[in-house]
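Student: next comes the sequence, and after it the predicted model I'd like to discuss.
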Amino acid sequence: MDAMQVVLMAEVRLAQERGASAEIMRHLRAYHAAMVDARTVELDRLLDPDFALVHITGYVQPKDEWFDVLRSRQFDYHRIEIDEKTVSVSISGDAAELTGRGVFNATINGARNPWKLQFSMRFARRGAKWVITHARYTTF
């Protein structure tokens, strides 16, 4: 393989990663929009079957249990504003990690607050699409 082929292969990989990063960002926006609207059918499409959410308390909540509190409005997300300048995406093959910060205006078990949260998420490519496999939220 000559130097030109190496450069072209690197450029192709970089373009693929940029495309995947943009796709993951679209996925993140769709995930947060579905949270605000409590659209669990849409969330189920975006999440891995074994998805778990780690809350600021450290509680690890399985997907189905989280969907129940969304549907009952025990967790009622009114508005989610992500500071996209803080979002970072790292891709390695069919796996990706995303970190960022935002303000989550939500009522949790009757208490409404603007929660300042940082988050880390893991994604996996399943066939032609990305799914979220894990999400962790902490305060900042």
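Tutor: Ah, there it is. What you are looking at is a predicted structure, and each value in this text was computed from that prediction instead of being measured.
Student: which parts of this structure are helices?
Tutor: Per DSSP state H, the chain carries helices over the ranges 3-37, 40-46, 63-72.
Student: buried stuff in the shortest one?
Tutor: It stands for helix 40-46. Buried residues in helix 40-46, counted by 16 or more other C-beta atoms under 10 Å: 40, 43, 46. Using the backbone N, CA and C atoms, a C-beta is placed for each residue, glycine as well.
Student: mind listing what the first one touches?
Tutor: For Thr40, the contact set (C-beta atoms under 8 Å, 6 or more residues apart in numbering) comprises 34, 67, 70-71.
Student: the most centrally placed residue in the chain and Leu46, how far apart?
Tutor: With distances taken as C-alpha atoms, centre = their mean, the residue of the chain nearest its centroid is Leu28 (4.5 Å). Relative to Leu46, Leu28 is positioned 9 Å away (C-beta to C-beta, to the nearest Å).
Student: please work out how many residues are found near the nearest residue to Asp83 once chain neighbours are set aside.
Tutor: Distances taken as C-beta to C-beta, 6 or more residues apart in numbering place Arg101 nearest to Asp83, at 5.1 Å, with adjacent residues excluded. For Arg101, the neighbour count with other C-beta atoms under 10 Å is 17.
Student: distance of Lys63 from Ala33?
Tutor: 18 Å.
Student: ok so, going back, closest one of the contacts of Thr40 to Ile82?
Tutor: Ala34 (13.9 Å; C-beta to C-beta).
Student: give the contact list for the closest one.
Tutor: When contacts are counted by C-beta under 8 Å, 6+ apart, Ala34 touches 40, 42-43, 46.
Student: do the same with Ala96
Tutor: Ala96 sits next to 20, 24, 89-90, 122-125, 130 when contact means C-beta under 8 Å, 6+ apart.
Student: try it again with 7 Å
Tutor: Counting by C-beta atoms under 7 Å, 6 or more residues apart in numbering, Ala96 touches 20, 24, 89-90, 123, 130.
Student: sweet, I'm off.
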